[in-house]
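J.: Build me a model:
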Amino acid sequence: MKWMKRTAALGAAALLTLSLAACSGGNADETVAAALEKVKGASSMDAVIEIAAEYTSEDQNLSVTNRMNLTTFQDPLKIKADVVLDMVSGEDTYNQTITMYAQKEGEELVQYATDGSYWAKQATTQEVLDTYNAGDTLSTYLAQASGFKKNGTETVNDAEAVKYTGSLSGKPLVDILDSNGYLESIASMSEDQQTKIKTNLESMPAAEITVWVDQEGYLVKMEMDMLKVINNMEANIDETLGHPTTSTDEESTSELVSSVIRMSCSNFDAATEFEIPAEALEAEDLTNAGTDDTQSTDNTQDTDNAQGAAGAEDGSAAAE
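T.: Residues are numbered from 1 along each chain as shown. Here you go, the predicted structure:
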């Protein structure tokens, strides 16, 4: 089903493109900012980043969950990430898991990955590995959020944490939608149209964002309900264009009923230890597979993207 394929691809992109006690708004903003900085300063941590969505149509429902289980050590640099896609439609299910490791070898950053069938490795860059930095991921959502207010306490990671609710609006919100693939529907439009739409989206109602700060001052959880945001986004785009955006018959009969982005962090300065498997260390090196290093990296990334897309297509077929 085309709408299932688009959902899977959107969630996956969102994943690669994929890391919390006062009453007054101003003081709460400072508390949240300090908690974020404390997370960013941790020498190691475990984190879970999840994007979940549910769709319904006349004949079936679809649940899609993209989850990244992440463990990072800063010095020496060492990363483990399990990226999991789960799709459920009626009695049909599909699951895909990509496991990635990375570390510094001498002066070179090396990345290892497997889809469960074989391992491959290649040289990578700090920019790529930064996408697996939980602190940076949280900053993407929280750096421009404001108006936080204390909203009770809840248990997170088996400990009490203070809950704060704030908001995000304007260009920072549009940037999040764009970087996570939510503006895919306008990608084929002219540059002028895209610019106009993105500018107009800055006037959308603010999105609510909730965070939890534990008793040690760490930001331990973040959650953002995307349902209203997406509905507001689509209505804004329709208004800008003067007509509803084009969709297939199948997509037009499906309805998004739930969409949530959430992230949790734990084990600060005491992350779960791991060893990179021997089969990963001994895997085929794809760094120099092309005509030159640059072409090789591009080719490898294109291959990985193609494999990911193929997996999403297969998953959609399985769910269908």
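
J.: any idea which helix or strand of this structure has the worst average confidence?
T.: Lowest mean confidence among the helices and strands of the chain (mean pLDDT, DSSP states H and E): helix 293-319, at a mean of 40.

J.: all helices for the stretch 151-300 of the chain, in order.
T.: Under the criterion DSSP state H, counting those that start in this stretch, helices of the stretch 151-300 of the chain are mapped to 170-179, 191-201, 227-241, 249-252, 278-281, 293-319.

J.: Could you pull out the buried residues of the second one?
T.: Going back to what we said before, that points to helix 191-201. Across helix 191-201, burial judged by 16 or more other C-beta atoms under 10 Å covers I197, K198, L201. The way it works is simple: take the backbone N, C-alpha and C, and place the C-beta from them, glycine included.

J.: and these as CSV, adding distance to N133?
T.: What follows is these, written out as CSV (distance: C-beta to C-beta, whole Å):
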residue, distance to N133
I197, 30
K198, 26
L201, 27
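
J.: quick check, nearest of those residues to D175?
T.: K198 (9.0 Å; C-beta to C-beta).

J.: dump the residue contacts of the closest one.
T.: Remark: with contacts taken as C-beta atoms under 8 Å, 6 or more residues apart in numbering, K198 is in contact with V174, D178, L183.

J.: For these, pick the one with the most neighbours.
T.: V174 (22 neighbours; other C-beta atoms under 10 Å).

J.: Provide a list of residue ranges in the stretch 151-300 of the chain with pLDDT below threshold.
T.: With pLDDT under 70 as the threshold, the stretch 151-300 of the chain has low-confidence stretches at 243-253, 290-300.

J.: swap the cut-off to 50 and go again
T.: Within the stretch 151-300 of the chain, the ranges that satisfy pLDDT under 50 run 249-250, 291, 293-300.

J.: Paired strands for the strand or helix carrying I49, with orientation please.
T.: In the assignment (DSSP states H and E), I49 maps to strand 44-56. Strand 44-56 has the following strand partners under DSSP bridges: strand 61-74 (antiparallel), strand 255-266 (antiparallel).
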